[in-house]
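Visitor: Okay, here's the prediction I keep looking at, along with the sequence it came from:
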Amino acid sequence: MDSRQYYAWWQREDLCYQGGQLHFAGRAVKQLAAQFGSRSFVYSFARVRQNLDRLHQALAEAELQAGFTVLYAMKANRFVPLLTRLQETGRCGIDACSPNEVELAVSCDFSPSDISFTAGNLSRADYEQLARYEGLFMDCDSLHAIRTWAQYKPGAKIGIRINPAAGVSREANSALQYAGKTVTKFGIYQEQFDEALTTVADCGLTVTKIHFHTGCGYLTPQLNQLDEVIERCMWFIKRCDKLEKVNMGGGLGVPHNVFDQPLDLTQWAAVLKKHFSKTGLHLEVEPGEYLLKDAGILLLEKTMVEQKKDIVFLGLDAGFNLAPEPAYYQLPLQPVPLDLRDEVFSPMRVVGNINEAIDVWYDQSWMPDMDGQEYLALINAGAYSSSMASNHCMRGQFKEFLLP
């Protein structure tokens, strides 16, 4: 990626340079940094709403006879003002994967009946806490989960999370796939599905939903793979005679660099229409990254610029523990300066303040002369950043702000 591409691919109307200053959500980011300080996540709800509207429009184009529901995957970002605003839209429910997420969603006025919970390796204390919420829908991803939930909710309708042994993710990144050649802990495989249905019947439960979530971050080039994954899932779906819903999980991605193109939602909707439009099944989708990631930035303070051998290092006052995706999944959060008046750029390696070798924000950032610049912004920091933050090296402090 050259310097021109570095600054071209991500700019849009609500995130761009105006008069040489970076603007986000109608505000000069330099002013936001002066007001909020470093280690601040700033989110734009206007962008979230745009993403949600775009997704609803695409699902409408899929012409699903039994309709659809968008369930926000709150593991992506659980900032309370954000959850509250999402609830107020009335256009999405919640996908939860821990009892505490359910509790937080209810505290933000989501009804338990608006929450889909996927059981993944739960303890007895987890089941006891979840069973208190009447209307909460449980997707069981193991025989153990089926048997245990039946003890708490006899006669209940349940979903089964399946594993089609094929996944889809950004650039076939195996770290982002829940299903594939490697056997994973997620879902029930074809070899055990008949046993799962027998267990459901023996326990007096009824399967009304099939859930499959096979990977994250897929874009347009991976839609053929998504098509094949859904085709594999139809084997499971056709074996359930009382099915009402299919939950295809999340996984819709956003561009992370100039080589990524935005997910073509028209093509995505065509895949869904092909498989589900005439089934009479209600479709659930669980976006997290797609709704939130490009709606957030992370403001950090510059600490140093120094050359070591042939590399110029640009240091920031926060490390990978505040936004682990670059280190864990090789999903870059591109650093950009708040002022861009100089058109002479140099490659710099942007690093954090954690005493670990993986603490690299971006390997080759094209930066102007950084003298006089106090802050930088990392884009695409709206999802799977603050929600995954840790207190590694006791440097886990951050703040969050939601703009209209």
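Guide: Yep, that arrived.

Visitor: which parts of stretch 154-173 are buried?
Guide: Of the residues in stretch 154-173, those buried under the neighbour-count criterion (16 or more other C-beta atoms under 10 Å) are 156, 158-171, 173. Just so you know, the C-beta spots here come from the backbone N, C-alpha and C atoms, and that holds for glycine as well.

Visitor: ends of stretch 208-220, how far apart?
Guide: Using C-alpha to C-alpha, to the nearest Å, the span of stretch 208-220 from its first residue to its last is 30 Å.

Visitor: What segments of the stretch 101-250 of the chain are strands?
Guide: Chain-ordered strands for the stretch 101-250 of the chain, with DSSP state E, counting those that start in this stretch as the definition, fall at 115-119, 137-140, 157-163, 188-189, 206-211, 245-247.

Visitor: Deepest in the core, which of the ones you listed is it.
Guide: For these, the stretch with the most neighbours on average is strand 137-140, a mean of 26; neighbours defined as mean count of other C-beta atoms under 10 Å.

Visitor: quick one: contacts of that strand?
Guide: 113, 115-119, 130, 145-146, 149, 153, 156-161, 209, 211, 247 (C-beta atoms under 8 Å, 6 or more residues apart in numbering).

Visitor: nearest to residue 107, of the strands of the stretch 101-250 of the chain?
Guide: Residue 107 sits nearest to strand 115-119 of all the strands of the stretch 101-250 of the chain, at 12.0 Å, using C-beta to C-beta.

Visitor: Look at the residue nearest to the spatial centre of the chain and report its pLDDT.
Guide: In the chain, the C-alpha closest to the average C-alpha coordinate belongs to residue 289, at a distance of 2.9 Å (C-alpha atoms, centre = their mean). We have a pLDDT of 95 for residue 289.

Visitor: my read: it touches residue 383, true?
Guide: Yes. The pair residue 289 / residue 383 is scored as a contact, 4.8 Å apart, by C-beta atoms under 8 Å.

Visitor: Find residues that contact each of the two.
Guide: Common neighbours of residue 289 and residue 383, using C-beta under 8 Å, 6+ apart, are residue 76.

Visitor: name the helices or strands packed onto the longest strand belonging to the chain?
Guide: Ranked by number of residues, the top strand in the chain under DSSP state E is strand 296-308. When contacts are defined as 3 or more C-beta pairs under 8 Å, 6 or more residues apart in numbering; DSSP states H and E, strand 296-308 sits against helix 29-36, strand 40-44, strand 311-316, strand 375-378.

Visitor: What would that strand look like as CSV? C-alpha coordinates only.
Guide: Extracted C-alpha coordinates of strand 296-308, given in CSV (Å, rounded to 0.1, in the frame of the first residue of the first chain):
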residue,chain,number,x,y,z
GLY,A,296,-15.6,4.0,16.2
ILE,A,297,-12.1,5.5,16.5
LEU,A,298,-9.5,5.2,19.3
LEU,A,299,-7.6,8.4,20.3
LEU,A,300,-4.1,7.8,21.5
GLU,A,301,-1.2,10.1,22.5
LYS,A,302,2.1,10.0,20.7
THR,A,303,5.0,9.2,23.0
MET,A,304,8.1,9.2,20.7
VAL,A,305,9.4,9.0,17.2
GLU,A,306,12.8,7.3,17.0
GLN,A,307,14.8,5.4,14.4
LYS,A,308,16.3,2.0,15.3
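
Visitor: Now do the helices in the stretch 201-350 of the chain.
Guide: Listed in chain order, the helices found in the stretch 201-350 of the chain under DSSP state H, counting those that start in this stretch are 223-237, 265-276, 289-292, 325-329.

Visitor: okay, those helices, which one's buried deepest?
Guide: For those, the stretch with the most neighbours on average is helix 289-292, a mean of 27; neighbours defined as mean count of other C-beta under 10 Å.

Visitor: Dump the strands of the stretch 101-250 of the chain into TSV; add mean pLDDT as well.
Guide: Putting these into TSV (pLDDT from 0 to 100) gives the following:
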stretch	mean pLDDT
strand 115-119	91
strand 137-140	96
strand 157-163	96
strand 188-189	96
strand 206-211	98
strand 245-247	97
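
Visitor: As TSV, the ones you listed with distance to residue 218 would be great.
Guide: Compiled in TSV, the strands of the stretch 101-250 of the chain are given as follows (distance: least, C-beta to C-beta, whole Å):
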stretch	distance to residue 218
strand 115-119	19
strand 137-140	21
strand 157-163	17
strand 188-189	22
strand 206-211	17
strand 245-247	16
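
Visitor: Report the contact partners of residue 287.
Guide: Residue 287 makes contacts with 51, 55, 70, 72, 73, 250, 252, as judged by C-beta under 8 Å, 6+ apart.

Visitor: Just the element for the third one, please.
Guide: By that I understand residue 70. Per DSSP states H and E, residue 70 falls inside strand 68-73.

Visitor: Could you tell me how many residues sit around residue 90?
Guide: Counted by other C-beta atoms under 10 Å, the residues lying close to residue 90 total 8.

Visitor: Check it and give its pLDDT.
Guide: At residue 90 the predicted local distance difference test score is 97.

Visitor: re earlier: wait, which of the strands of the stretch 101-250 of the chain is closest to residue 284?
Guide: For the strands of the stretch 101-250 of the chain, proximity to residue 284 was assessed by C-beta to C-beta; strand 245-247 is nearest, at 4.0 Å.
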